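Novice: dropping a prediction and its sequence here:
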Amino acid sequence: MKRLFALILVISLWFGISLAATPAAYAEFSFKLLTPCATSAVFQERLQAEVNSYTARLANFQAGSAPAEYLTGKIAQTEARFAKYADSSLLCGEDGLPHLISDGRWDHASEFTIPGLIFLYITGWIGWVGRAYLIAIRKDRATAAQKEILLDVPLAIKCMLGGFAWPLAAIKEFTTGELLVPEKEVTVSPR
């Protein structure tokens with residue numbers, strides 16, 4: 001039963017499906033306080049205030065000097081950043097700052113869901129590669145401790161290249177029983 005639950009958990013994490021059903025009352029919310037950044041007056045005020053602060057500092061320096069060029073570049077960066085937010089589908093709050101919607105809706109998936117899944121994939125890859133490397137160096141007990149301190153680079157690269165399909169490898173190992181160890185082999189604290 002534990003294996004079945006773990007398999008369902010792995011598959012649901014891979015596909016981004018939530019196991020807990022959220023009641024409709026919690027899934028629905030209004031965007032009364034959020035408006036598109038392009039039409040938010042407070043967002044435009046923030047842009048103007050930031051540009052004005054750089055412009056005021058720019059007046060203290062001679063045109064063409066290094067500080068003046070730096071401040072001119074900062075003004076251009078600020079305007080470009082605010083334009084990018086305004087052109088995106090981000091919503092701004094009453095504070096004039098963009099807010100991320102992380103409820104799983106596909107129209108806002110680019111804000112949180114997709115980056116979150118990419119993060120989970122990359123962290124899983126790192127963990128899987130580290131696990132594969134440790135399993136591989138354990139085969140030679142004489143050099144295992146040394147290879148934990150000084151990496152065997154060719155072996156590490158081999159593990160890294162094989163780790164990109166880690167979700168499929170994890171499912172395979174889970175179904176064959178290689179992924180989990182028997183409970184008698186798990187160390188437990190004496191407390």
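Specialist: On my side now, so go ahead.

Novice: what's the domain layout of the protein?
Specialist: 34-99, 113-173 (automatic domain parsing).

Novice: ok, the closest residue to Phe164 other than its chain neighbours - contacts?
Specialist: With CB to CB, 6 or more residues apart in numbering as the criterion, Phe164 has its nearest non-adjacent residue at 6.6 Å, and that residue is Trp125. Any C-beta I mention is one placed from the backbone N, CA and C, and that applies to glycine too. If you count contacts by CB atoms under 8 Å, 6 or more residues apart in numbering, Trp125 has them with Gly163, Phe164, Trp166.

Novice: mind checking which of the residues you listed are buried?
Specialist: Buried members of these, counted by 16 or more other CB atoms under 10 Å: Gly163, Trp166.

Novice: in the longest helix belonging to the chain, what's buried?
Specialist: Across the chain, the longest stretch assigned as helix under DSSP state H is helix 113-137. Counting neighbours by 16+ other CB under 10 Å, one finds that the buried residues in helix 113-137 are Thr113, Gly124, Trp125, Trp128, Val129, Ala132, Tyr133, Ala136, Ile137.

Novice: of all the residues you listed, which comes closest to Val153?
Specialist: Tyr133 (10.7 Å; CB to CB).

Novice: what does stretch 148-163 rub up against?
Specialist: Contacts of stretch 148-163 (CB under 8 Å, 6+ apart): Trp125, Trp128, Val129, Ala132, Tyr133, Leu134, Ala136, Ile137, Lys147, Ala169.

Novice: in TSV: those residues, plus distance to Glu94 and pLDDT.
Specialist: Shown next, in TSV, are those (distance: CB to CB, whole Å; pLDDT from 0 to 100):
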residue	distance to Glu94	pLDDT
Trp125	40	96
Trp128	44	96
Val129	45	96
Ala132	49	94
Tyr133	50	95
Leu134	50	94
Ala136	55	94
Ile137	56	94
Lys147	56	93
Ala169	48	93
